[in-house]
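> Got a predicted model here, sequence first, then my questions.
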Amino acid sequence: MNAARCPVLRGQGGAVSAAHPAAVVAGRELLLAGGSAADAAIAAQAVLCVVMPDACGLGGDMLALAHTPGKPLQAINGTGCAPQLLREVADDGPNSITVPGIVDAWCTLSRLHGRVPLSRALAPAIRLSREGLQVGAGLAASLARHRERLARGGAASWCLFDAIAGRPIIQAELGSLLELIGSEGRTAFYAGDNAIAITAAIKALGGTLSADDLAAHVTPLAAPIETRWDPFALATQPPMAQGILLNMAVQALSQARTQCGAAADHTAIELTNAAFAYRDEVSKGSELLAHELSIDPERAANRGGPRAYLHTAGVACADVQGMVVSSLVSVFDDFGSAVYVPQLGITLNNRAGGFTAGANAAAPGKRPVHTLAPAILRLPQGVLALATPGADGQVQTLLQVLVALRKDGSDLATAISAAIAKPRWRSENGGLLIEQGHPHRDALSALGHRITPCADGDVRFGAVVCAGVIDGQALAAADWRRETDAGIV
């Protein structure tokens, strides 16, 4: 990995930042074809579903925030509910599946904010699935690591099952599904033969998600939750996403005295853990902002909270009209539930594994708390979309970027991508992971943090995507971590 400072790209026609270079190419194609930031986001997300099926796919979900000049911010909730006939919940397999939400979310985003037909937005992904994907080393390793799970889920017949890095794979079934969605919309997935194929695959393994669950699916639209940290205004996805935990930490920091060095990191780490104590209550949304986050400025509580999940892929887009979209796509764990639908060439999510306790306990027809936390940052100069993979690490990575921008006075490129200037930390299961170049390792240890040094660029520290419009000009920036990339038109 190259830990050099990645530049902020500036263009006149739009900008894209995404979890994979092929997704950036697709997003740029749509912007050049006259598409909006929403069209570009759909195109990039669909390509991610082709090239990163371990992280996302049509069997999973999508959450997005959309900024349109002169209009209120809009949150698109492309997640689904647990089965109405729910009998048990598991972390894996057929009883871990909720209704996939990404397809209807695409249809909704395209209808509300698109400037080209959905079929045009999906064209790059259709082309890639039919012409052949050259399997990367990361995907090949993930397939090998989860081979047993995939076999249990019926994926032994999947064209990717025995994939070898560097060899091209044609995903014909996925291409046909994407083409049908482009021409028929949501009915291509939530009704008819494809809905029957999805429910049959689940039922064959003992799951209860039904055709009625698929047919009843809707994509809620809502206002984001917004918190001021002058001169910024941070907007996050409302429940059932856990972005509110980021708002809580930002609100507390906005009221705290100015700190620097290890003391600033300690405060942010402790506020993160304090906010995660409310994860099961995420459904209360902005009501949680009434809670004061109490921390010891001199000592680590090591209370835990954030967990070790790692998954998801981000897309951020901006267009020449000033529209900005921040989004994340996911199947939760690698390959989700690992339950495979052969007719469609996809695996299904295991989002029901996100149910926990209390207000977030499992129930029929209920959405679990989601880790997906796309964000939009409104500044005096314009608007930025920010998102990162990393499950519970998302809130923490974004918090560090915001601190760098707001308190440290860092420029955007340094805040996002410079490992030397801004090495990251991640609180996880009561411990504290830090990139080995972190300058405050000894000081944080002296404050009682249980330190685990990790290689700079370890996947647990996220991979930020960023695009926006500042001073009337589109821009994009990408983390150097993982395969994140950015492009402009």
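Arrived safely.
> Following the chain onward from the one helix or strand Ser445 maps to, which element is next?
In this assignment (DSSP states H and E), Ser445 forms part of helix 441-446. Proceeding N to C from helix 441-446, the next assigned helix or strand is strand 451-454, under DSSP H and E.
> for that next one, which positions count as buried?
Within strand 451-454, the residues that count as buried by 16 or more other C-beta atoms under 10 Å are 451, 454. Bear in mind the C-beta positions are built from the backbone N, C-alpha and C, glycine included.
> sorry, back to before: ok, and what's touching the helix holding Ser445?
261-262, 265-266, 269, 300, 425, 432, 434, 438, 451, 453 (C-beta atoms under 8 Å, 6 or more residues apart in numbering).
> These in helices, which ones?
Within those, residues falling in helices by DSSP state H are 261-262, 265-266, 269.
> As a markdown table, the residues you listed with neighbour count would be great.
Below are the ones in helices among the contacts of helix 441-446 laid out as a markdown table (neighbours: other C-beta atoms under 10 Å):
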| residue | neighbour count |
| --- | --- |
| Gly261 | 10 |
| Ala262 | 19 |
| Asp265 | 24 |
| His266 | 26 |
| Ile269 | 26 |
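> nearest to Ile102, of those?
Distance to Ile102 across the ones in helices among the contacts of helix 441-446 (C-beta to C-beta) is lowest for Ile269, with 32.9 Å.
> pretty sure that closest one is touching Leu447, no?
No. Counting by C-beta atoms under 8 Å, Ile269 stays clear of Leu447, with 9.2 Å between them.
> Overlap of the contact sets of the two?
Ala300.
> Strands along the stretch 101-250 of the chain, start to end?
Applying DSSP state E, counting those that start in this stretch to the stretch 101-250 of the chain gives strands spanning 133-134, 168-169, 221-222, 225-229, 232-236.
> Out of the ones you listed, which is the most enclosed?
strand 232-236 (a mean of 22; mean count of other C-beta atoms under 10 Å).
> Just the mean pLDDT for that strand, thanks.
Strand 232-236 shows a mean pLDDT of 95 in the predicted model.
> Also stretch 479-486?
Mean per-residue pLDDT for stretch 479-486: 88.
> Could you do stretch 303-311 as well?
Stretch 303-311 comes out at a mean pLDDT of 67.
> related to what we said a few turns ago, give the buried residues for the helix holding Ser445.
441, 444.
> how about Ser326, phi and psi?
The phi/psi pair for Ser326 (degrees, to the nearest 10) reads phi -120, psi 130.
> How is the nearest residue to it once chain neighbours are set aside classified with respect to secondary structure?
Leaving aside its sequence neighbours, Ser326 sits nearest to Ala385 (C-beta to C-beta, 6 or more residues apart in numbering; 3.4 Å). Three-state call for Ala385 (DSSP: H, G, I helix; E, B strand; the rest coil): strand.
> need the contact list for Ala385.
65, 67, 316-318, 324-327, 374-377, 465-468.
> again, only using 6 Å
316, 324, 326, 376, 467-468 (C-beta atoms under 6 Å, 6 or more residues apart in numbering).
> Please apply the same query to Arg28.
Per C-beta under 6 Å, 6+ apart, neighbours of Arg28: 16, 487, 489.
> Counting neighbours, which of these comes out on top?
The most neighbours of any of the contacts of Arg28, using other C-beta atoms under 10 Å, belong to Val16, which has 36 neighbours.
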